[in-house]
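>>> Whatever this is, show me its structure:
(chains A, B, C and D)
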2 protein chains.
Amino acid sequence: MREVAALAKVSIKTVSRVVNGESGVSPSLAKRVLAASERLNYRHNLTASSLRRSDGRSATIGLVLEDVANPFSSALHRSIEDVAVERGVLVLAGSSDEDGDRERKLVSAFASRRVDGLIIQPSSLDHSYLLSERRAGTAIVFVDRQPAFFDADTVLTDNAAGVRRGVRHLVEQGHRRIGYLGDLHTIDTAAERHRGYVEELDHQGIEVEERLVRLDLRGIDIAEAAATEMLARSQAPTALFAGQNLVTIGAFRALRRLGLHRTVALIGFDDILLADLLEPGITVIAQDPAAIGRMAAQVLFRRLDGDRSPMQHHIVVTRMITRGSGEILP
Amino acid sequence: MREVAALAKVSIKTVSRVVNGESGVSPSLAKRVLAASERLNYRHNLTASSLRRSDGRSATIGLVLEDVANPFSSALHRSIEDVAVERGVLVLAGSSDEDGDRERKLVSAFASRRVDGLIIQPSSLDHSYLLSERRAGTAIVFVDRQPAFFDADTVLTDNAAGVRRGVRHLVEQGHRRIGYLGDLHTIDTAAERHRGYVEELDHQGIEVEERLVRLDLRGIDIAEAAATEMLARSQAPTALFAGQNLVTIGAFRALRRLGLHRTVALIGFDDILLADLLEPGITVIAQDPAAIGRMAAQVLFRRLDGDRSPMQHHIVVTRMITRGSGEILP
DNA sequence: GCCGCCAGTGACAACGTTGTCAAATGACAA
DNA sequence: TTGTCATTTGACAACGTTGTCACTGGCGGC
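This next block holds a predicted model:
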């Protein structure tokens, strides 16, 4: 900047004004400065700028995802990015791998870089550590899951309602023995989904049978094994509800392997790429990660714009997509 | 930092030394400083630090992907992140959407934030604009595709060889009329893959028939339409090679719709999630995005560590995964 | 002709750090 | 006791910006 000022024969403050597009610089000087900075290939240094600026904004936000490569998380990432670029804001992203410690380390690394805001898909079981970040002025929004011991803006899917919708769909077709395969019960969304299953059966006057419920299934293979076992028993279920992506795939594998894919109904939570090309197509309760991400980013930026209203808790609805597997009769 | 120094009754420089873990601070003082910074909830400001530091490092790298939500790109992202976290480096990621202009804007936004290095999955047709970044000391590595008019480290898949492997597989099973469905020919990898197809047919002494080749198929629907049309003609192909992910899905849809999925062979480039659960399973030439990303990050960090050796061009091999669709006889 | 005002410009300090170098301290040998 | 030297500590400037405020000159109104 100093060199540009020297070349354009103006003060460095004037260069700053031109670079920031402030008014009150005569056009002739502005042109000279622009020419000089062009010639010297000048690059504005945003880190120095944000250091000095009164608001201290870095035009960067931090994003803690479960895994940047996971389809759901990366869809969130993308829609958040889309809102951010419109405001010239960049996104630092990291994967927590469902590990509260990694989550905290990421947040701390983001904080050292003075991000303006954080969007967190939580893994930790206690978010009170974020109090100091908030006190430091960082806006914080949670997506996909509830924070624990910390009040903040949230954007969540209505998990229980989604599951109830799917279970009702099965009941309406005459199913009474509906198996449930769920993810780790410690994950708040998984617990919610399980709750939806229990509630809807209650509501329909169907007793919840313990041997038709398997939780804590982490990954495709474990889910496949659990489904296989459940289907092999006497009084096997005539329909399955899979509470998560990978669990759905595992259940589908089991059905295929047992030759039951046209006999036993299956509905999964979360859409799966190519689900429509399978035989039968898999009926799912689809979340809308793009809508969740967009909403979260909008809430975050409203906070950064000074919105001091009470915490907002947004719910994004699910959508049932019928493709065949959920329409198999008992 | 000043407040911490005051509370610990030491100079601010001593605090700096403790925070950076420099040697030559007496344990008693260090303990006092740590206690004070704990009590005041002190957060090291990395932006100010990198501003002052002699090497000017920000412990942040920039990543330009085609789309952070695309499975291939996000797998790259994840493996790059894994290498980066080990070094305490964070990743800024952005999507170029196959648009050279967005790519340039992202790079410029990264540059303003003084990233230490850039990993680029290129979209632009001319990368000479990066010369000034390199002159400024930024390390640059390209992944997945060649840069244009710019010499830099690259980590690429051997696209042509992969396709040749697949086409040979089809020929070995007796296919002579093998259709090719390709992505935009302007994309360097798509051109390479097409080249592989032509070369292998030549090598096998099979004439390349123009009506069996369709390029510039962007997206599932367009690919499906093209495949449908090709298969409807007389002298239709007995096998198809799909040069990209979405094209493979489109081709598979067409085969299914026409009831030819057990009659016409199909091999696709790039693995597809769930491809094993389809009927038939889809035989693919799989890239290894995790290996590509890991390698790219390693090369980048070696450069940041001062490696001044000549540009490196790494090739990551593909793997054929046979699942049924590629093993259908003519 | 004088005053006040405004737009345009620049000098300077400050943001939160770290590099440099000098000062203070203490241990040890002569 | 004094001198030498190594170790620990601190004062100060500097990184590249921007906020603050003061200065300049031109213009209109009295």
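>>> For the residue lying closest to residue A:254 once chain neighbours are set aside, which residues are in contact?
Among residues not flanking residue A:254 along the chain, residue A:227 sits closest, at 3.7 Å (CB to CB, 6 or more residues apart in numbering or on different chains). (Glycine included, C-beta is placed from N, CA and C.) Listed by CB atoms under 8 Å, 6 or more residues apart in numbering or on different chains, the contact partners of residue A:227 are A:179, A:181, A:214, A:240, A:250-251, A:253-255.
>>> between these, which has the most around it?
Counting neighbours by other CB atoms under 10 Å in any protein chain shown, residue A:251 comes out on top of those with 32 neighbours.
>>> Can you name the next helix or strand after the helix or strand encompassing that one?
Following DSSP states H and E, one finds residue A:251 within helix A:245-258. Using DSSP H and E, the next helix or strand after helix A:245-258 towards the C-terminus is strand A:265-269.
>>> contact partners of that next one?
Applying CB under 8 Å, 6+ apart, the contact partners of strand A:265-269 are A:159, A:162-163, A:166-167, A:169-170, A:173, A:175, A:193, A:238-245, A:247-248, A:251-252, A:255, A:275, A:282-285, A:287, A:325-330.
>>> Going through the residues you listed, which ones are buried?
Among those, those scoring as buried are A:159, A:162-163, A:166-167, A:169-170, A:175, A:193, A:238-245, A:247-248, A:251-252, A:255, A:275, A:282-285, A:287, A:325-326, A:328 (criterion: 16 or more other CB atoms under 10 Å in any protein chain shown).
>>> Sort out for me which of the residues you listed are in helices.
Using DSSP state H, the subset of these located in helices is A:159, A:162-163, A:166-167, A:169-170, A:193, A:245, A:247-248, A:251-252, A:255.
>>> hang on, the residue nearest to residue A:254 is in a strand, isn't it?
No. Judged by DSSP: H, G, I helix; E, B strand; the rest coil, residue A:227 forms no part of a strand; its state is helix.
>>> And for residue A:233, the neighbour number?
For residue A:233, the neighbour count with other CB under 10 Å is 10.
>>> can you check residue A:204 too?
15.
>>> Next, it: phi, psi?
phi -90, psi 0 (degrees, to the nearest 10).
>>> from memory it sits against residue A:170, does it?
No. Residue A:204 is beyond contact range of residue A:170, at 9.8 Å (criterion: CB atoms under 8 Å).
>>> mind checking which helix or strand whichever residue of the stretch 151-300 of chain A sits closest to DNA strand C is in?
Of all residues in the stretch 151-300 of chain A, residue A:300 sits closest to DNA strand C, at 22.9 Å by CB to the nearest atom of the strand. Element membership for residue A:300 (DSSP H and E) is helix A:289-304.
>>> Name the next helix or strand downstream of that helix, please.
Counting by DSSP H and E, what follows helix A:289-304 is strand A:313-316.
>>> Tell me the strands beside that next one, with direction?
strand A:153-157 (parallel) (DSSP bridges).
>>> mean confidence for the partner strand?
Mean pLDDT, computed over strand A:153-157, is 98.
>>> Touching that strand from outside, list them.
A:140-147, A:189, A:287-288, A:292, A:295-296, A:299-300, A:303, A:311-318.
>>> does the helix or strand harbouring residue A:33 come close to DNA strand C?
With secondary structure defined by DSSP H and E, residue A:33 is part of helix A:27-39. Yes. Applying CB under 7 Å from any atom of the strand, one finds helix A:27-39 touching DNA strand C at A:28-29.
>>> and what of stretch A:128-137?
No. Using CB under 7 Å from any atom of the strand, stretch A:128-137 never reaches DNA strand C; the gap is at least 10.5 Å.
>>> per-residue confidence averaged over that stretch?
On average, stretch A:128-137 scores 94.
>>> if we can go back for a sec, any chance of the contacts of residue A:227 in CSV, with pLDDT too?
Formatted as CSV, the contacts of residue A:227 follow (pLDDT from 0 to 100):
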residue, pLDDT
A:179, 97
A:181, 98
A:214, 97
A:240, 98
A:250, 95
A:251, 97
A:253, 94
A:254, 96
A:255, 96
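>>> In the stretch 51-200 of chain A, what residue spans correspond to strands?
Using DSSP state E, counting those that start in this stretch, the strands found in the stretch 51-200 of chain A span residues A:60-65, A:90-95, A:117-120, A:139-143, A:153-157, A:178-181.
>>> Now for residue A:207, how many residues are close by?
Other residues lying near residue A:207 total 9 when counted by other CB under 10 Å.
>>> so it is in which element?
Under the criterion of DSSP H and E, residue A:207 resides outside all helices and strands.
>>> tell me which parts of chain A are close to DNA strand C?
A:9-14, A:17, A:23-26, A:28-29, A:48, A:51-52.
>>> Whether stretch A:79-90 contacts DNA strand D - can you check?
No. Using CB under 7 Å from any atom of the strand, stretch A:79-90 stays clear of DNA strand D, with a minimum separation of 13.2 Å.
>>> Run the chain-centre distance for that stretch.
Here the centre of stretch A:79-90 is set off from its chain's centre by 16 Å, with CA atoms, centre = their mean, to the nearest Å.
>>> ok, and what's touching that stretch?
Under the criterion CB under 8 Å, 6+ apart, residues A:59-61, A:63, A:91, A:116, A:119, A:289-294, A:296-298, A:301, B:68, B:92-95, B:109-110, B:113 lie in contact with stretch A:79-90.
>>> who in chain A is up against DNA strand D?
Within chain A, the residues that sit near DNA strand D (CB under 7 Å from any atom of the strand) are A:1-2, A:12-13, A:16, A:19-20, A:42-45, A:48-49, A:51-54.
>>> Can you select the buried ones from those in PyMOL?
Buried members of those can be picked out in PyMOL with the line below, counting by 16+ other CB under 10 Å:
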select buried, chain A and resi 1+16+19+42+45+49+51
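>>> Pull out the buried positions in the helix holding residue A:300.
A:289-297, A:299-301, A:303-304.
>>> Save the residues you listed as TSV, and put in pLDDT too.
TSV is the format used below for the buried residues of helix A:289-304 (pLDDT from 0 to 100):
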residue	pLDDT
A:289	97
A:290	97
A:291	98
A:292	98
A:293	98
A:294	98
A:295	98
A:296	98
A:297	98
A:299	98
A:300	98
A:301	98
A:303	97
A:304	96
